[in-house]
Structure formats: structure tokens, C-alpha cells
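Visitor: Have a look at this prediction, sequence included:
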Amino acid sequence: MITLLEARGIGKRFGGLTALEDVSLTIRQGEVYGLIGPNGAGKTTFFNVLTGSYVPEAGEFVFEGAELPLGKPHRVVGAGIARTFQNIRLFRELSALENVMCGHHIRTRAGLWGILSQNRHTREEERLTTERAFELLRYVGIEAVADRVARNLSYGDQRRLEIARALATEPRLLALDEPAAGMNATETGQLRGLIEQIRQDGITVLLIEHDVKLVMGLCDRVAVLDFGRKIAEDVPAAVQKDPAVIAAYLGGGPRHGQ
Amino acid sequence: MNKLPLFPASLPGKAQWVLLIVLALAAPVLAGYFGRTWVRVLDFALLYMLLALGLNLVVGFAGLLDLGYIAFYAVGAYTWAFLGSPHFEVHWPFWAILPLGAGFAALAGIILGFPVLRLRGDYLAIVTLGFGEIVRIFMNNLNYPVNITNGPQGINGLDPLVLFGWDLSRALGLGGLQVHSLYLYYYFFLLCVAGAVVFIHRVQVSRIGRAWAAMREDELAAKAIGIDTRAMKLLAFALGATFGGVAGGLFGSFQGFVSPESFSLMESIAVLTMVVFGGMGNIAGAIVGALVLTFLPELLRHIAVPVQQSLFGQVLLDPEVLRMLLLSLAMILMMLAKPEGLVPARARYSRTAHLEGRA
């Protein structure tokens, strides 16, 4: 299989705290790759470093054969990596449709002059953005609330909207930070269907998740982080039996398990 | 055509626009009925509309609180004073000065924008406030050792607006009818405001307008979906400043005189009040806010002076003091009664007509 993303020796410190230490992992094209670990293991930090919110002290990312720019979120998105947030971050006063349209920003080119003169290219691009945004709302199953302001959507719909907005950036890799957090069993089931659909449509998925059932059922491979280090990387069934992983989750320290 | 949030909802969209245009065209004639002063007030209301529209773009759309906006007005006005007055004995035509003034203002916007890229909220407000004061103080003091701005005395005798040989400061004879200069300026300013509205509406409903809205709502999320917030902030500052620059040039030519006094912090606050009072983040709000808050103090001035004279035999409270008092009072009442402003319309950043019926 083709390698899509390779993290090489990523290290990130916050003052005296080592959040990530020498983390290397390889995500292959077309798979759903799970990133799990106890609270505070560094999963979200890894996301933030990958997507350019933080600059790592060590290491590099190679995405589709090219090095990713570090600490430049919009260029990472441009390269083809989109993310969602653990705590939903929508544009609350914009409609669902407009939220998704915002996601298309990086794939559009209209400049000030085109917008002022409303030339054909700009109008065509705008029409395409709108159509595509609507299609994406339909794709995640919330086209009925296209016109509603984001903050008035139900929790589950907000999660879906955030995924639609990320998909609007036309990513090759979609990074989901705990998409099932706060969802009930039905909603989680639907989410699982959506992620499988996304994978089928050729987008690789990087998934941080606490819901063990979801991770084990959905992921092709799983990496486990503990105290900022990668302690395992394998297919879910093997990871589940790994003694180091069991120790990290169940004992070996003053931490409560998941 | 969109519905305006100004009229009763029962009126169809097209009729509302026709009514609005008729009202705008007839306004100076109606105002003139009460005396020329009121036509002059209308002219100023239009200048304030330009300012409020420009500031709304920065504060309302992009969410960047700017307390020094009047500096761009000053840049525009002084550009006119330098290039179209006896001060340097330069008399350039309006089509050269106005775009230049707008360009300088945009440049000033970018110069302000760079150092404040990482600031927001209160901190941003303080720095922009300082910037506004710096510009004013420069204008006040650049008369020594080389006299550039003529200091606190200001510059006199600015060229009037001459549109390709047609001098707007002279009455126009239409048959037997003499149309006073104030009316001519009114219609020219009206044209500018209309142009600004079309301009701003197009930007609002575009990838740029959406990027600003995204940035305003959640800067981190905006970055995470690929919006270059740095470039978008600079663009907002520059574009907002452009309107200030144009309004400043028009102000200079209309007034015939500029001095640093016209560009105090209080003016910045007055314009911001108009934006917030009318309803932040939408075009109609900025326009209504500017109109109401230009007229109210003038109305009060005409009532307050005679009332005080008849009651106390003298004027105890200067009308200028009353103006600030009234603006503050209007603001407090508005925040208590209707915090979202006089015209609380949710701004739209997309055209969805062609999608209707598909959901």
C-alpha cells in the first residue's frame, strides 16, 4: 500500500512537560488509522502539531512525498489535510450551508477585482461553492437544516456539520478528533456509517477516539500513545492484546483507566 | 432581490427598493423645506454613512474592533488639502485626488494592520485608538520646522468638487430654477454611498466576506479550514480604510477647510456608535445608524438652544456637549432595549435562491 503520511520523530514540549517524544508513524492511503491512549497521552497535541497549530521542536511530516510546512495551518489544509475539533468549533452565527462554504475557501481563487466586477469566473466559482456545500450537507445527511444558523443545530448535527466543513476543503486525509464524544449509541452508529462512507470515497481517515468499540470496529490499524510516546502500532486485535497497552490503560501508574 | 429589514414585511421586495430610492432622491427637497441647514445635515449624514459602512466592514464583518478609524478620514481629507488647495499651490482634478486619498488611506490601514495582527478585543482597540491619535497629533504638529499641514490652524480654501468642468460648489441653473450647491453635493454623495453599498454587498457575499465572518466567529477554526487570517485581516483593514479615505476627500472638498480638530477620538467613537446603534454586521444597520445619529443631535441643537435661552436667559450647555451626551444616552438605551441594534438583520454570506426547494 502507498504511504500517505509519515511522521518522523515528532517531539513537542510545553515548558518542562514532554507532550510528544520521538513519535513516528505511517498512515497508508485509504485506511482508517486510529490514534488512542489514556487522557493526556498527547493525542490532541499530535493533531495540533500535524495541522500546524503548534510548531514541534523535533521531527517532520512527509505528506504525499513532500514535507509539510510546520506551524502554518492554512498551508497544511492546502496540502490536503483537514481536521475537526474535540470540542465543536463551528461558525455559530453562520448558516449550516455558509459554514460548509467557508471550508471551500482554500480551493477558490476569486480576488477582490473579480468579486467587485462579478465576472463570469467569480460567479461560476460562487455557484460551484454553493452547490458543492449543499451536496456535502446532503452527504452527511443534514441538508434539511442548510439554512439554519449553526448554533441552533442539534449536537449530532453540529458534529456532522463540522465534518462536512472539513470535507469542503477537499482533503486527502481527514483528521477527526473524538467525533463520537457525547454521542449516544444510535448517533455513534450513524457516525460509523459516515466514516466508512468517507473511506470508501477515497479519503484516508485519522481518528482519535475514546469509544473503544468504535475504534476496534472501524480502524484498520491503531497506534497507542502513552505519556507522549508511541507504545504500540498494529491491527486492532493485536493492539488489544499488547501487554504494554493493557498496562497503560489498566495499571502501572496512578491513573484511572478508560 | 433581497428584502430590506427597514420596512414592514408585508411590502414586496421590489416595492421596498422603489420606495427607498424615491425617498433618497426626494430627501433633500423635503429637508430644504425646513431650511438649507437641514440639507447640509443630510450631506453630512451621507458622509457619515460612508464612514459607518467602511467601519462596519472592519468591526462588523471581520470582527476587528477599531477605535482609530477616523485617522483614515483624516488621511483622505489631508490628501485633498495637499493636492487641491492654495496651500501648496497644487490643484489636481478630483479623479486623481480621490483615488490617491483612498490609496493612502488603504496604505495607512495596512501600516496599522501589521503590528496588530496578533491582537484582538480590548488590546486591539487600545492600539487602534493610539494610532488614531498619532495621526491627529501629526497633523497638529507638522508645521515646524517645515510647514506641511499648517498645524492646528488647518488648511483653508480647499478646491471644491469639480466633475470634469462642472463645479458643484456653484448653484446650477435649470431653466428658471436655481439648484443650490448643497443639493448637488447631496446627489453626488448619494451616488458614492450607493456605490459603496453595491461594493460592500458584493464583498460580503463572496469567499472574502465569508472568510471574514469565519475569522470573526472563531479564528482558530478559520485557520484550521485553510483561511489565511493574516491576509484577510490586512485586507479588512485596507478595504475599510479605503472608504474612510474617500469620505475624507469628499469632506475636505465639501467643507473647503480641514483642521486636526475634525479628526478627534470623539469622531471615531461617534462613527463606531453609529455602527453599533444601527446594528453591527449588516449594511442597512450602518446606514440607519449614521442617519439617525447625525440627525438626532442636530434636532436637539435646534431645540436645546432656544429652550435654554427662554428658560435661563442663556445657553448653559453647549450643543457639542449635548451631542456626546445624547450619543451616550442613545447607546445606553439601545443596549438596554435592543442590544443587537436598530436593524438587527442577520447578515447573509451566500446566495441560496437557486437551491430553494431542494432540501
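Guide: Thanks, I have the structure now. Numbers count the residues shown, from 1 in each chain, chains lettered A, B, ... in the order given.

Visitor: Please count neighbours and contacts with C-alpha atoms only from this point.
Guide: OK.

Visitor: Over to the closest residue to chain A within chain B. Which of the three states is it?
Guide: Using CA to the nearest CA, the single residue of chain B nearest to chain A is B:G226, 3.8 Å away. Per DSSP: H, G, I helix; E, B strand; the rest coil, the local secondary structure of B:G226 is coil.

Visitor: when you scan stretch B:240-259, is anything in it near chain A?
Guide: No - Stretch B:240-259 lies out of reach of chain A by CA under 8 Å from any CA of the partner chain, never closer than 13.3 Å.

Visitor: Could you list the low-confidence segments of chain A?
Guide: Applying pLDDT under 70 to chain A flags residues A:251-258.

Visitor: Surely the residue of chain B closest to chain A is in contact with A:R75?
Guide: Yes - in this structure B:G226 lies within contact range of A:R75 using CA atoms under 8 Å: 6.8 Å.

Visitor: so who does the residue of chain B closest to chain A touch?
Guide: With contact taken as CA atoms under 8 Å, 6 or more residues apart in numbering or on different chains, B:G226 is in contact with A:73-78, A:103, A:105-106, A:169.

Visitor: and of those, the nearest to chain B?
Guide: Proximity of the contacts of B:G226 to chain B (CA to the nearest CA) peaks at A:H74, which lies at 3.8 Å.

Visitor: residues contacting the residue nearest the centre of chain B?
Guide: With distances taken as CA atoms, centre = their mean, the residue of chain B nearest its centroid is B:L51 (1.2 Å). With contacts defined as CA under 8 Å, 6+ apart, the neighbours of B:L51 are B:73, B:243-244, B:247, B:271.

Visitor: Could you list which of these belong to helices?
Guide: Judged by DSSP state H, the subset of the contacts of B:L51 located in helices is B:73, B:243-244, B:247, B:271.

Visitor: May I have the beta-bridge partners of B:N156?
Guide: Using DSSP bridges, the bridge partners assigned to B:N156 are B:F257.

Visitor: near chain B, which residues of the stretch 51-200 of chain A?
Guide: A:51, A:73-78, A:82-83, A:89-94, A:98-99, A:101-103, A:105-106, A:108, A:110, A:112, A:115-116, A:118, A:126, A:130-131, A:143-144, A:146, A:165-166, A:169.

Visitor: which among those end up buried?
Guide: Neighbour counting by 16 or more other CA atoms under 10 Å in any protein chain shown classes A:51, A:73-78, A:82-83, A:89-94, A:98-99, A:101-103, A:105-106, A:110, A:112, A:115-116, A:118, A:126, A:130-131, A:143, A:146, A:165-166, A:169 among those as buried.

Visitor: From B:A221, how far out is the closest residue in space to the residue of chain B closest to chain A that isn't next to it in sequence?
Guide: Excluding the flanking residues, the one nearest B:G226 by CA to CA, 6 or more residues apart in numbering or on different chains is A:H74, at 3.8 Å. A:H74 sits 10 Å away from B:A221, going by CA to CA, to the nearest Å.

Visitor: for chain B, what's the longest helix?
Guide: Chain B, longest helix under DSSP H: helix B:283-312.

Visitor: can you tell me the average pLDDT over it?
Guide: Throughout helix B:283-312, pLDDT has a mean value of 87.

Visitor: Tell me the buried residues in that helix?
Guide: So for helix B:283-312, counting by 16+ other CA under 10 Å, buried means B:283-291, B:293-295, B:297-298, B:301, B:304-305.

Visitor: Please name every helix or strand in contact with that helix.
Guide: Identification of packing neighbours for helix B:283-312 by 3 or more CA pairs under 8 Å, 6 or more residues apart in numbering or on different chains; DSSP states H and E yields helix B:36-56, helix B:181-204, helix B:265-278, helix B:319-337.

Visitor: Mean pLDDT and distance to A:L206 added to these, as a markdown table?
Guide: Below are those laid out as a markdown table (pLDDT from 0 to 100; distance: least, CA to CA, whole Å):
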| stretch | mean pLDDT | distance to A:L206 |
| --- | --- | --- |
| helix B:36-56 | 95 | 40 |
| helix B:181-204 | 95 | 35 |
| helix B:265-278 | 92 | 44 |
| helix B:319-337 | 84 | 46 |
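
Visitor: nearest to A:R192, of the ones you listed?
Guide: Nearest of these to A:R192, taken as CA to CA: helix B:181-204 at 36.8 Å.

Visitor: Which neighbouring elements make contact with the helix or strand following that closest one?
Guide: Downstream of helix B:181-204, the first helix or strand assigned by DSSP states H and E is helix B:207-217. When contacts are defined as 3+ CA pairs under 8 Å, 6+ apart, helix B:207-217 sits against helix A:96-103, helix B:219-224, helix B:229-255.

Visitor: For those helices, state which one has the densest average packing.
Guide: Mean neighbour count (mean count of other CA atoms under 10 Å in any protein chain shown) peaks for helix A:96-103 among these, with a mean of 31.

Visitor: now the angle from that helix to helix B:207-217?
Guide: Between helix A:96-103 and helix B:207-217, the angle comes out at 100 degrees (axes from the mean of the first three to the mean of the last three CA atoms, to 10 degrees).

Visitor: Which residues outside helix A:96-103 are in contact with it?
Guide: A:90-91, A:129-130, A:133-134, A:136-137, A:145-150, A:161, A:164-169, B:207, B:210-211, B:214, B:225-226, B:349-350.

Visitor: Could you identify the helix or strand that succeeds it?
Guide: Once the chain leaves helix A:96-103, the next helix or strand it forms, by DSSP H and E, is helix A:112-117.

Visitor: Could you tell me how far that next one lies from the centre of the chain?
Guide: The chain centre lies 33 Å from the centre of helix A:112-117; the measure is CA atoms, centre = their mean, to the nearest Å.

Visitor: Please give the number of neighbouring residues around residue 81.
Guide: By default, I'm working from chain A. By other CA atoms under 10 Å in any protein chain shown, 30 other residues sit near A:I81.

Visitor: let's do chain B instead
Guide: 30.

Visitor: Tell me the spacing between it and B:G109.
Guide: B:A81 is 20 Å from B:G109, where distance means CA to CA.

Visitor: same check, this time on A:G30
Guide: According to CA to CA, A:G30 stands 46 Å off from B:G109.

Visitor: and what of A:E178?
Guide: Using CA to CA, A:E178 is found at 41 Å from B:G109.

Visitor: Neighbour count for those two, which is higher?
Guide: Using other CA under 10 Å as the criterion, A:E178 and B:G109 rank with B:G109 on top: 24 against 20.

Visitor: residues in contact with the residue lying closest to that one once chain neighbours are set aside?
Guide: Using CA to CA, 6+ apart and skipping the chain neighbours, the partner closest in space to B:G109 is B:A238 (4.6 Å). Under the criterion of CA under 8 Å, 6+ apart, the neighbours of B:A238 are B:105-110, B:113.

Visitor: most surrounded residue in those residues?
Guide: When neighbours are taken as other CA under 10 Å, the top entry among the contacts of B:A238 is B:A105 (31 neighbours).

Visitor: quick one, helices of the stretch 1-150 of chain A?
Guide: With DSSP state H, counting those that start in this stretch applied, the stretch 1-150 of chain A shows helices at A:43-50, A:73-79, A:96-103, A:112-117, A:120-140, listed in chain order.

Visitor: Could you point out which of the ones you listed sits nearest B:P260?
Guide: Checking the helices of the stretch 1-150 of chain A against B:P260 by CA to CA gives helix A:112-117 as the closest, at 32.7 Å.
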